[in-house]
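Chemist: need the 3D shape of this:
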Amino acid sequence: MAVSLKDVAALAGVSAKTVSNVVNHRPHVTARTRAAVEEAMAELGYRPNLQARGLRSGRTGLLMLAIPDLTAPYFAELAHLIISTAAEHGFTVLIEETGGEHEREVRALRGAATLLVDGTIISPLALTAADLEGKQGAAPIVLLGERLTGVMADHVAIDNVQAARDATHHLLRRGRRRLAVIGHQDDPHAATAQLRMRGVTEALATSSDATLLPPVAVSGYTWAEGAAAVDVYLGRDPLPDALVCFNDELAIAAMRRAYELGCRVPDDLAVVGIDGVRESEFVTPTLTTITPDKAELARSALASLARRIGRADPPPVRDVVVPHRLVVRESTAAPPSRDPGATISGRRRGR
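Modeler: Next up, the predicted model:
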């Protein structure tokens with residue numbers, strides 16, 4: 001026989017109403033009472049009927065977070081912040097890994113509706129505006145990162161153009177003049193790549209003597225893609241003297257591969273990333289990176305959901321731009337004074 005609310009109340013020595021308050025994360029329950037109820041629930045194996053609770057209250061206390069890759073440092077950090085911030089407000093977060101694939105992103109939204117979640121936060125790479133038509137009626141959706149034109153959903157992101165512009169200007173100020181990017185994608189729908197490339201080219205347009213070397217396209221923002229791009233760039237002439245990497249994963253892999261090929265960072269090659277992941281502080285050399293305020297991103301995403309959950313008359317759609325800052329470290333130190341024709345692994349540098 002299923003364990004009931006009254007069974008838990010009897011074992012904990014409290015009223016059924018108190019057990020209900022604990023289950024529904026309501027305030028005004030002392031820590032001691034809450035602990036007694038939770039201990040009784042665990043001992044009896046009590047599991048609240050979330051669907052029944054949702055039908056009665058219109059809320060389940062569940063949120064869905066759908067992100068492309070749980071192994072990516074940026075998304076792992078972001079998921080941690082969203083989960084911990086949601087918990088402060090009494091929400092439990094369910095996580096769906098989509099791989100950035102269209103079918104899996106659509107399935108995540110469909111599954112969110114089936115699970116009766118109160119709202120969904122999704123970082124889409126393949127969704128289209130058509131996929132989201134009619135989805136906002138059941139539960140609100142907040143988009144992270146990628147902006148989908150014509151979608152009636154709140155959007156939270158950094159200014160990708162300005163972030164790449166800031167990274168590029170920093171390299172120019174350090175005297176770098178032959179720049180290359182890692183993170184360019186040929187797909188015109190790869191919004192983040194397109195916006196960050198735009199920021200790089202806009203910054204380079206302010207310099208009369210800096211050039212952007214022909215870009216190497218990547219299929220994703222992974223360690224392997226970063227290393228493979230360096231293989232191509234260091235096999236060309238002229239060699240780059242700086243890399244703008246569109247995330248830190250690409251940047252860290254690029255630095256490692258450059259080291260293996262006898263190219264010194266930052267003496268021969270300066271490297272800057274975007275994302276500000278913790279690993280950037282602990283590699284050698286430490287990585288200069290554009291660091292978004294990820295805690296603010298998590299707070300803004302949850303605040304956007306909160307202002308819509310349970311509202312019959314939802315507020316206007318809004319775009320939230322989260323601030324970022326340039327964190328300067330060892331990977332972009334000014335190059336030492338030397339003969340312009342000095343070699344890297346036996347190859348003369350381009351002039």
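
Chemist: give me the below-cutoff pLDDT ranges for the stretch 201-350 of the chain.
Modeler: Applying pLDDT under 70 to the stretch 201-350 of the chain flags residues 337-350.

Chemist: do that again at 80, thanks
Modeler: For the stretch 201-350 of the chain, the stretches with pLDDT under 80 are 310-312, 314, 335-350.

Chemist: all strands for it, in order.
Modeler: Secondary structure of the stretch 201-350 of the chain (DSSP state E, counting those that start in this stretch): strands at 211-212, 242-245, 270-274, 288-292, 319-322, 324-327, 343-344, 347-348.

Chemist: so what strands line up beside the fourth one?
Modeler: This means strand 288-292. Paired with strand 288-292 in the same sheet, following DSSP bridges, are strand 270-274 (parallel), strand 324-327 (antiparallel).

Chemist: what's G310 sitting at in phi/psi?
Modeler: phi 80, psi 10 (degrees, to the nearest 10).

Chemist: isn't it right up against T60?
Modeler: No - using C-beta atoms under 8 Å, G310 is not in contact with T60, being 11.3 Å away. (Each C-beta comes from the backbone N, C-alpha and C, glycine too.)

Chemist: give me the common contacts of those two.
Modeler: Residues within reach of G310 and of T60 at once, by C-beta atoms under 8 Å, 6 or more residues apart in numbering, are D118.

Chemist: more neighbours: which of those two?
Modeler: Per other C-beta atoms under 10 Å, whichever of G310 and T60 has more neighbours is T60, with 21 against 13.

Chemist: quick check: which element contains that one?
Modeler: For T60, there is no enclosing helix or strand under DSSP states H and E.

Chemist: need phi/psi at it.
Modeler: Dihedral angles of T60 (phi, psi; degrees, to the nearest 10) stand at phi -110, psi -20.

Chemist: cool, and I158?
Modeler: Dihedral pair for I158: phi -90, psi 170, per degrees, to the nearest 10.

Chemist: cool, and the one 4 residues further on?
Modeler: Taking degrees, to the nearest 10, you get phi -70, psi -40 for the backbone angles of Q162.

Chemist: look up the closest residue to it, ignoring the ones flanking it.
Modeler: Once flanking residues are discounted, Q162 sits nearest to G199: 6.4 Å by C-beta to C-beta, 6 or more residues apart in numbering.

Chemist: just the buried residues of the one helix or strand the one you found maps to, please?
Modeler: Assigned by DSSP H and E, G199 belongs to helix 191-204. By neighbour count with 16 or more other C-beta atoms under 10 Å, helix 191-204 contains the buried residues 191-193, 195-197, 199-200, 203-204.

Chemist: what angle sits between it and strand 270-274?
Modeler: Interaxial angle, helix 191-204 versus strand 270-274 (axes from the mean of the first three to the mean of the last three C-alpha atoms, to 10 degrees): 140 degrees.
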